[in-house]
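A.B. asks: Please work out how this folds:
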Amino acid sequence: MKEQLVSADLLQNGLVEDVYLIYPNNSDDSSVALAVTHLSRPEDVSGVPVVLIHGQFSNRSTWFDLGGDGLASHLVHQGYDVWMPEMRGHGFSPVNQRYRNNSLVDYVDFDFPAIQSYLSTRIDSPCIWVAYGLSGVALTLALAKGTLSQNMLDGVVLLGLDDPRGAWRKGALIRALQWRDRKRGFIQGGKDDGATESEPYGVIHGQANPLKPLSLFTGRKQIREFTGGLAQLQVPLLMCSGPEEQPNMVTSHKIYQHWGCSDKSFLRYSNAIDEPSMVKSHHARNHVWKDIDKWLSREPGKSEDDFEQSA
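C.D. replies: The predicted model follows:
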């Protein structure tokens, strides 16, 4: 796989930031290039590798803001080796030729496998993958389908799966229902609705999204195949759920229930304002980040009963 170093910087917070572009060439769109940011300490002491996957309408800023703050730098200071891929057309990943046709299927079948393949050339040990929102849904789809090898994962942390539309509900969701968004192929993001970037229409409203209110037989068959794949997983799981469960056919707790590995923990943040606040807020720093720290440092193979509660 072709690789290009885009930048290498020593940040004000003392961490080293290396940004790479990888060219998978594993789909019918050869223009796809994926940015992967490596955040580490200057001492170059490699800890347990953690892969952070950003949410919808966003980029690596989900985990790492312009000031160098966020869960990513927190984990590096805790001794972890952090990698932040950005999905096609987001952040430092250039807009691909077929951007308007992008969908969750592209993440599941092409992008996640390419990222895992690339990281296997840079890292000698299994990674812990952390994903937020719709990318978390895509990650579970990839694992259930087998396009992402569970043998190369040492754990999965999922956040904000119950209502991944919450980040843009105020405005963009309404606009998404209008014909012009469907026609132009993407939903315009904006500061007023909490969106950092635009998102291809198919990523949000494509048939591969199991959070859509499916009622037809084909949709229910898709859900059965999905949950059947989840039952085969033997990767430890920490599910961090938002304050309210939405009436979807697939929710965070349903994913948790179907997850095959016995080493799994569920935590619902009833006091969180919304799901985005579980990632970037005082509540996130004081509760969610600490719970992730605790789970990552737990004794392998043992589920923590005290996670089974609201926070």
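A.B. asks: Setting the sequence-adjacent residues aside, check what's closest to the residue positioned nearest the centre of the chain.
C.D. replies: Centroid-nearest residue in the chain: Ala131, 2.6 Å away (criterion: CA atoms, centre = their mean). Spatially, and ignoring its direct neighbours in sequence, Ala131 is nearest to Ile53 (3.9 Å; CB to CB, 6 or more residues apart in numbering). For every residue, glycine as well, the C-beta is placed using N, CA and C.
A.B. asks: Backbone torsions only: list them for that neighbour.
C.D. replies: Main-chain dihedrals, Ile53, degrees, to the nearest 10: phi -110, psi 120.
A.B. asks: wait, isn't it in contact with Tyr132?
C.D. replies: Yes - between Ile53 and Tyr132 a contact is recorded at 7.0 Å, counting by CB atoms under 8 Å.
A.B. asks: The residue nearest to the centre of the chain bridge partners, please.
C.D. replies: Ile53, Leu158 (DSSP bridges).
A.B. asks: need the contact list for it.
C.D. replies: Under the criterion of CB atoms under 8 Å, 6 or more residues apart in numbering, the neighbours of Ala131 are 52-53, 138-139, 156-159.
A.B. asks: quick check, nearest of those to Arg224?
C.D. replies: Taking CB to CB as the measure, Arg224 lies nearest Ala138 of these, at 18.7 Å.
A.B. asks: What helix or strand is the closest one located in?
C.D. replies: helix 133-145 (DSSP states H and E).
A.B. asks: ok, now Glu17?
C.D. replies: strand 16-23.
A.B. asks: Sheet partners, orientation included, of that strand?
C.D. replies: strand 2-10 (antiparallel), strand 34-40 (antiparallel).
A.B. asks: Take the ones you listed and write them to TSV, including mean pLDDT and mean neighbour count.
C.D. replies: Below are these laid out as TSV (pLDDT from 0 to 100; neighbours: other CB atoms under 10 Å):
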stretch	mean pLDDT	mean neighbour count
strand 2-10	94	10
strand 34-40	96	23
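A.B. asks: Export those as a markdown table, with columns for distance to Asp124.
C.D. replies: Formatted as a markdown table, the strands paired with strand 16-23 follow (distance: least, CB to CB, whole Å):
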| stretch | distance to Asp124 |
| --- | --- |
| strand 2-10 | 17 |
| strand 34-40 | 15 |
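A.B. asks: Which of those sits closest to Met84?
C.D. replies: So among the strands paired with strand 16-23, strand 34-40 is nearest, using CB to CB, at 4.3 Å.
A.B. asks: who's in contact with the closest one?
C.D. replies: With contact meaning CB under 8 Å, 6+ apart, strand 34-40 is reached by 6, 15-22, 24, 46, 60, 64, 72-73, 76, 81-88, 91-93, 111, 114-115, 118-119, 122.
A.B. asks: At which residues are the helices of the stretch 101-250 of the chain located?
C.D. replies: Ranges of helices within the stretch 101-250 of the chain are 104-106, 112-122, 133-145, 172-176, 179-184, 201-205, 217-230, based on DSSP state H, counting those that start in this stretch.
A.B. asks: before we move on, back to that, who wins on neighbours among the contacts of Ala131?
C.D. replies: Leu159 (29 neighbours; other CB atoms under 10 Å).
A.B. asks: That one against Tyr132, yeah?
C.D. replies: Yes - the pair Leu159 / Tyr132 is scored as a contact, 4.7 Å apart, by CB under 8 Å.
A.B. asks: Report the set of residues contacting both of those two.
C.D. replies: Shared contacts of Leu159 and Tyr132, defined by CB under 8 Å, 6+ apart, are found at Val279.
A.B. asks: tell me, how many neighbours does His253 end up with?
C.D. replies: 15.
A.B. asks: In whichever strand or helix holds it, which residues are buried?
C.D. replies: His253 belongs to helix 252-258 when elements are defined using DSSP H and E. Going by neighbour count (16 or more other CB atoms under 10 Å), the buried part of helix 252-258 is 252, 254-256, 258.
A.B. asks: what about this structure, any weak spots by pLDDT?
C.D. replies: 44-45, 162-183, 190-195, 206-219, 246-250, 300-311 (pLDDT under 70).
A.B. asks: All good on my end, thank you.
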